[in-house]
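J.: Turn this into a structure:
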Amino acid sequence: MTFEDWVGARGGALLRFALMVSADPSRAEDLVQSVLARVYSRWSHISTLAAPEAYVKAAIVNEHLKWWRRRSNHEMPAEMLTDAPEAFDVASRHASRDAAWELLGRLPRRQRAVLALRFYEDMSDGGIAAVLGCSVSTVRSQASRALATLRAAVPMMQKETLP
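T.: Presented below is the predicted three-dimensional model:
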C-alpha cells in the first residue's frame, strides 16, 4: 500500500487519536502533519512493520509530549497580549530576567545544573543522569528540591519589592 493510500484510509483515525491526545483541534492537526511528514521519508521501512499504525500513533504521542515539554511552544492568543501591556515592557522583562538569574545563583551547583539541563537543554532525566554521572532518582530529587527552593523564594521577593 502506498503512503498516500494509507493516509487516505487511516488519516481520519489518526486525527481523532491526536485530538484525544492533545485535546486541541489545531494542535491535533499540527501533530498529525508533523508526524506524517517525518513518516513519509521512512514509509518503505515503516510499511513493512507488523503494525504501522501503532508506530505512527506512538510517534504522535511522542511528538505531543515533546511539544508539551518544550518551553518555547507556549503560544498566547493575541487578545491576551493586548490585555497585558506589561508583557511588552522591556525594562520589566529585564528586571524579571535578572531576578531569575539571582534566584538561580542561590541554588547549589548540582541543582542549578539539573535545572539548566532540563529546562534550557530540554534533556530527559536519563540524559541528565548520564551527563552528571548520577542516578535518575537523584536527578528527580535535585530538580524537586531546586524548584521547591525557587517557589519558596518567589513570594519573598514579591513582598520585598512592594512599598
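
J.: okay, now the domains of the chain?
T.: Recorded structural domains for the chain (assignment: automatic domain parsing) are 3-73, 91-161.

J.: rank the ones you listed by pLDDT, which is bottom?
T.: Lowest mean pLDDT within the domains of the chain: domain 91-161, at a mean of 82.

J.: quick one: that domain to chain centroid distance?
T.: 16 Å (CA atoms, centre = their mean, to the nearest Å).

J.: Same check on stretch 30-45?
T.: On CA atoms, centre = their mean, the centre of stretch 30-45 falls 20 Å from the chain's centre.

J.: now the domains of the chain in a markdown table, with mean neighbour count?
T.: All C-beta atoms are positioned from the backbone trio N, CA, C, and that covers glycine. As requested, those are exported to a markdown table (neighbours: other CB atoms under 10 Å):
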| stretch | mean neighbour count |
| --- | --- |
| domain 3-73 | 14 |
| domain 91-161 | 14 |
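
J.: Counting by contacts, list what the longest helix seen in the chain packs against.
T.: Longest helix in the chain by number of residues, with DSSP state H as the criterion: helix 136-161. Contacts defined by 3 or more CB pairs under 8 Å, 6 or more residues apart in numbering; DSSP states H and E place helix 136-161 against helix 90-106, helix 109-115, helix 125-132.

J.: May I have the first one exported as PDB, CA atoms only?
T.: What it means is helix 90-106. The C-alpha coordinates for helix 90-106 follow below in PDB (Å, rounded to 0.1, in the frame of the first residue of the first chain):
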ATOM      1  CA  VAL A  90      11.400  45.800  28.100                       C
ATOM      2  CA  ALA A  91      12.500  47.100  31.500                       C
ATOM      3  CA  SER A  92      10.100  44.800  33.300                       C
ATOM      4  CA  ARG A  93      11.300  41.800  31.300                       C
ATOM      5  CA  HIS A  94      15.000  42.600  32.000                       C
ATOM      6  CA  ALA A  95      14.200  43.000  35.700                       C
ATOM      7  CA  SER A  96      12.400  39.700  35.800                       C
ATOM      8  CA  ARG A  97      15.300  38.000  34.000                       C
ATOM      9  CA  ASP A  98      17.800  39.500  36.400                       C
ATOM     10  CA  ALA A  99      15.700  38.300  39.400                       C
ATOM     11  CA  ALA A 100      15.600  34.800  37.900                       C
ATOM     12  CA  TRP A 101      19.400  34.800  37.500                       C
ATOM     13  CA  GLU A 102      19.800  35.900  41.100                       C
ATOM     14  CA  LEU A 103      17.500  33.100  42.300                       C
ATOM     15  CA  LEU A 104      19.300  30.500  40.200                       C
ATOM     16  CA  GLY A 105      22.600  31.800  41.600                       C
ATOM     17  CA  ARG A 106      21.400  30.900  45.100                       C
END
